[in-house]
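[1] Provided below are the primary sequence and the corresponding predicted coordinates.
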Amino acid sequence: MSGDSFISNSEKKEAVEKYIFDTNIFDDMVDGKLELSDIVNCKKVEIYVTHIQIDEINKCSDVDRRARLNIFMVKIRPILISTSSAAYDISRYDESKFGDGTIFNKIKKGNINQVEDALIGETAIKEEIVLVTNDKRLKNIVIKLGGDAIFLDDFIERLKKK
């Protein structure tokens with residue numbers, strides 16, 4: 001029997017698509033624009049987050065909304081990954097890597113208000129995960145830098161085809 005004809009169980013496993021949600025997508029879930037069941041029931045999709053999305057959700061000043069955002073986060077059971085770079089006063093150093101900052105700085109473009117977006121976008125690019133966002137600027141720069149990014153409507157269409 002040839003070794004080439006053997007297929008392991010891991011090779012038989014269907015390919016999954018990897019997505020990382022910008023924090024604004026969790027807002028859309030709470031607002032009913034994305035059905036939780038569509039994500040939970042789709043076995044061909046993996047959702048990733050970094051501490052950035054978790055931290056941003058936990059900063060929500062509306063206690064009820066923050067609770068609902070956290071419930072959605074728990075229910076979709078995302079895979080927690082480290083950011084690909086670290087930023088002073090933003091990053092949790094045990095949940096981030098020390099990158100060279102090249103992609104991070106291109107996304108941030110000197111705008112101090114874009115640090116979190118830059119960390120999420122760079123992580124999507126370096127980890128080869130599709131970024132789902134409602135931020136046109138972030139989507140376009142991620143694509144320009146070689147990553148893959150889509151709007152929520154495109155993500156919903158992809159889920160319907162699964």
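    Arrived safely, thanks for sending. Numbers count the residues shown, from 1 in each chain.
[2] tally up the residues packed near residue 146, please.
    The local packing of residue 146 (other CB atoms under 10 Å) involves 10 other residues. For every residue, glycine as well, the C-beta is placed using N, CA and C.
[3] tell me the contacts of it?
    Shown in contact with residue 146 (CB atoms under 8 Å, 6 or more residues apart in numbering): residue 125.
[4] for it, give me the pLDDT.
    Note on residue 146: pLDDT of 96.
[5] so it versus residue 121, what's the distance?
    Distance from residue 146 to residue 121, counting by CB to CB, to the nearest Å: 11 Å.
[6] and the helices in the protein?
    Using DSSP state H, the helices found in the chain span residues 9-12, 23-30, 36-40, 51-58, 63-76, 102-108, 115-126, 136-144, 152-160.
[7] residue 106 contacts residue 142, correct?
    No - the criterion here is CB atoms under 8 Å, and residue 106 misses it with residue 142 at 10.1 Å.
[8] and these two? which has more neighbours close in?
    Taking other CB under 10 Å, residue 106 and residue 142 do not tie; residue 142 has more neighbours (26 against 15).
[9] residues touching the residue nearest the centre of the chain, list them.
    Closest to where the C-alpha atoms of the chain average out (CA atoms, centre = their mean) is residue 20, at 1.5 Å. Shown here is residue 20, whose contacts under the criterion CB under 8 Å, 6+ apart are 47-50, 120, 123-124, 127, 129-132.
[10] in a markdown table: the residues you listed, plus neighbour count, distance to residue 78 and pLDDT.
    Output for the contacts of residue 20, formatted as a markdown table (neighbours: other CB atoms under 10 Å; distance: CB to CB, whole Å; pLDDT from 0 to 100):
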| residue | neighbour count | distance to residue 78 | pLDDT |
| --- | --- | --- | --- |
| 47 | 20 | 4 | 95 |
| 48 | 20 | 6 | 96 |
| 49 | 20 | 4 | 95 |
| 50 | 24 | 10 | 94 |
| 120 | 29 | 13 | 94 |
| 123 | 27 | 13 | 94 |
| 124 | 30 | 13 | 96 |
| 127 | 16 | 13 | 95 |
| 129 | 22 | 11 | 97 |
| 130 | 20 | 14 | 98 |
| 131 | 26 | 14 | 98 |
| 132 | 24 | 12 | 97 |
